[in-house]
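A.B. asks: take this sequence and fold it.
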Amino acid sequence: MLSKIFGAKSDHPMADIKSAQALLEDLPKNDAHKLLMELTEWIESVSENTDFKLDHQFAVLRLLDEAAQPHVRKLTREYFTRNEPGKFQENRLWLVLGNLSKRTADGYYKVFERYCKAEKGSNTIKAQLPLLLVRAVNAMAGQLKFVCVRYGHVDKTIWTNLAQIFSHAELQQCLDTPVSLYPGVAGNTSVKCEAGHLLGWYGCGINTLKPLYIHLTERLVAQYCMTIDVHARQGEHDLFSFDPSRPAAPKRVKVDDMTRRAQASGAGMSSSRLLPQSAGYAITSDLASVVGSPSRMASSSISNVSKAHTQANQDVRAQLEWLLHKRFIADTPYERLQHVPRYLKAINLRIEKLRINPARDAQCMAQMQPLIQAWQKLRQAQHGRIDTRVDEFGWLLQELRVSLFAQELKTPVIVSVKRLEKMLAALANYT
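C.D. replies: Next comes the predicted model:
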């Protein structure tokens, strides 16, 4: 009788936080693969246990998920390398990372379902609802990635669950509520940001890419997901649509002028939430150029900068045109491509500093301008031929930009104006 009134105590090993923490301490921390396999089993076990009060279930899931993250990052780096792992190791990594992301996504969604049913403990986690939804969508993105790298069938449940989460967040007015995704991860995110990240990345046409480029595309989109806008009305710059009332993979609503004309005649999408509006990048499905509209990115980056800073405006645009040309993912060597997010971050830092100290930006530009102009002349003299030394000089110019405009990001090589002047002189003598 008393158990019916007060509730029977669960005999689950993680029935209280202290027990859960003790179990985590016993995990094999020197074996990331084994540790993640065990955590996956615990996540599944906790997710299936409806005897737990909702607030406790959510707390334990978060604990398990957070314990997994450092090891997930380690094994993800091992999986997505330029030199692909052997078939056995690749399959081993794919299984553990794919299973973990799926169980984690399922676990958070089950907590969400119980919350919507107002089960016991729901009021306790009400303030944590944005974090729950953000974690759920983030885990779905991980699940989707490991389906895509094997070019597998994407379960429609992902889109259905995403639609439910997005609609609920919109109803509860927490789409834009900022939360920290994981302890130690810099910056905040939101439900809208994570949804935009997932939809924008998947809309790139990633199923045509190699696994490494699927990963790089996802990372580049994640870098700028805060600039993606998800909104209810279609505009001329919108690229994709996602309709929560009819959940399915994101659909392209703008490909070229032909598509635009079809839309004008009533053949296009009629409903929806669209992205991006004035995003930091555009996405092309054929080449997965996730930052495929550099001019739009430049416009977005400098939209709040005074028109007096014309030189900086033009320089940023030219830099983006060179870095993010139409085929940049396909044509840029991996050893260069991995540095592109840092160059983009340096642009953002430059813009922030420009507003505060335009004189310093002008001074740095004065040092760079002769080098840029000389490099451009060398490129024109190539007449379409490829000279690796001229190409190398172009990438060193990117490092010099980091050194001058965003020193805090640091550079992997020693670079200075004097060093590049000497290299330029040698190039000029040779050509």
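A.B. asks: strands of this structure, residue ranges please.
C.D. replies: 240-242, 251-252, 273-275 (DSSP state E).
A.B. asks: can you tell me which of the ones you listed the model trusts least?
C.D. replies: Lowest mean pLDDT within those: strand 273-275, a mean of 38.
A.B. asks: what's near enough to touch D361?
C.D. replies: By C-beta atoms under 8 Å, 6 or more residues apart in numbering, the residues touching D361 are 309, 312, 350, 353-354, 405. C-betas here are computed from N, CA, C, even on glycine.
A.B. asks: can you rerun that using 6 Å?
C.D. replies: 312, 354 (C-beta atoms under 6 Å, 6 or more residues apart in numbering).
A.B. asks: do the same with A163
C.D. replies: Contacts of A163 (C-beta under 6 Å, 6+ apart): 244, 247.
A.B. asks: repeat that for E90.
C.D. replies: Counted by C-beta under 6 Å, 6+ apart, E90 has zero contacts.
A.B. asks: and what of L354?
C.D. replies: By C-beta under 6 Å, 6+ apart, the contact list for L354 reads 312, 361.
A.B. asks: any idea how far R419 lies from Y109?
C.D. replies: 54 Å (C-beta to C-beta, to the nearest Å).
A.B. asks: run the chain-centre distance for the helix ranked longest in the chain.
C.D. replies: The residue-count maximum for a helix in the chain (DSSP state H) belongs to helix 87-116. Its chain's C-alpha centre and that of helix 87-116 lie 18 Å apart, by C-alpha atoms, centre = their mean, to the nearest Å.
A.B. asks: tell me the average confidence for it?
C.D. replies: 96.
A.B. asks: what comes up buried for it?
C.D. replies: Buried residues in helix 87-116, counting neighbours by 16 or more other C-beta atoms under 10 Å, are found at 90, 92-94, 96-112, 114-115.
A.B. asks: go on, stretch 320-327?
C.D. replies: Across stretch 320-327, burial judged by 16+ other C-beta under 10 Å covers 320, 323-324.
A.B. asks: next one: stretch 15-29
C.D. replies: 15, 20, 23-24, 27.
A.B. asks: dump those residues into JSON lines; add distance to E66 as well.
C.D. replies: Formatted as JSON lines, the buried residues of stretch 15-29 follow (distance: C-beta to C-beta, whole Å):
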{"residue": "A15", "distance to E66": "19"}
{"residue": "A20", "distance to E66": "12"}
{"residue": "L23", "distance to E66": "14"}
{"residue": "L24", "distance to E66": "10"}
{"residue": "L27", "distance to E66": "13"}
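A.B. asks: between these, which is nearest P247?
C.D. replies: Here the nearest of those to P247, counting by C-beta to C-beta, is A20; it sits at 33.8 Å.
A.B. asks: model confidence for the closest one, exactly?
C.D. replies: 90.
A.B. asks: now stretch 389-396: buried residues?
C.D. replies: Applying 16+ other C-beta under 10 Å to stretch 389-396 flags 390, 393-396 as buried.
A.B. asks: dump the buried residues of stretch 320-327 into JSON lines; add distance to V415 and pLDDT as well.
C.D. replies: Output for the buried residues of stretch 320-327, formatted as JSON lines (distance: C-beta to C-beta, whole Å; pLDDT from 0 to 100):
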{"residue": "L320", "distance to V415": "20", "pLDDT": "84"}
{"residue": "L323", "distance to V415": "17", "pLDDT": "85"}
{"residue": "L324", "distance to V415": "21", "pLDDT": "78"}
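A.B. asks: so of these, which ones are in helices?
C.D. replies: 320, 323.
A.B. asks: so which bits of stretch 368-375 are buried?
C.D. replies: Residues of stretch 368-375 classed as buried: 368, 371-372, 374-375 (neighbour count, 16+ other C-beta under 10 Å).
A.B. asks: S180: which of those is nearest?
C.D. replies: Nearest to S180 among the buried residues of stretch 368-375 is M368, at 36.5 Å by C-beta to C-beta.
A.B. asks: and the gap between the closest one and Q376?
C.D. replies: 12 Å.
A.B. asks: same thing with R114?
C.D. replies: The gap separating R114 from Q376 is 61 Å, by C-beta to C-beta.
A.B. asks: repeat that for G107.
C.D. replies: 54 Å.
A.B. asks: can you tell me which of the buried residues of stretch 15-29 is nearest S167?
C.D. replies: Nearest to S167 among the buried residues of stretch 15-29 is A20, at 31.9 Å by C-beta to C-beta.
A.B. asks: contacts only, for the closest residue to the closest one other than its chain neighbours.
C.D. replies: Setting aside the residues directly before and after it, A20 is nearest to M14 in space (C-beta to C-beta, 6 or more residues apart in numbering), at 4.2 Å. Applying C-beta under 6 Å, 6+ apart to M14 gives the contacts 20, 46, 60.
A.B. asks: before we move on, back to that, export the buried residues of stretch 389-396 to JSON lines and tack on distance to G203?
C.D. replies: Below are the buried residues of stretch 389-396 laid out as JSON lines (distance: C-beta to C-beta, whole Å):
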{"residue": "V390", "distance to G203": "35"}
{"residue": "F393", "distance to G203": "35"}
{"residue": "G394", "distance to G203": "30"}
{"residue": "W395", "distance to G203": "29"}
{"residue": "L396", "distance to G203": "34"}
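A.B. asks: among those residues, which are in helices?
C.D. replies: Among the buried residues of stretch 389-396, the members that lie in helices (by DSSP H) are 390, 393-396.
A.B. asks: nearest to K126 among those?
C.D. replies: In terms of C-beta to C-beta, no member of these lies closer to K126 than W395, at 50.5 Å.
A.B. asks: G394 versus the closest residue to the closest one other than its chain neighbours, what's the distance?
C.D. replies: Nearest non-adjacent residue to W395, counting by C-beta to C-beta, 6+ apart: R336, 6.0 Å away. Going from R336 to G394 by C-beta to C-beta gives 10 Å.
A.B. asks: wait, N188 sits on P178?
C.D. replies: Yes: counting by C-beta atoms under 6 Å, P178 is a contact partner of N188 at 3.9 Å.
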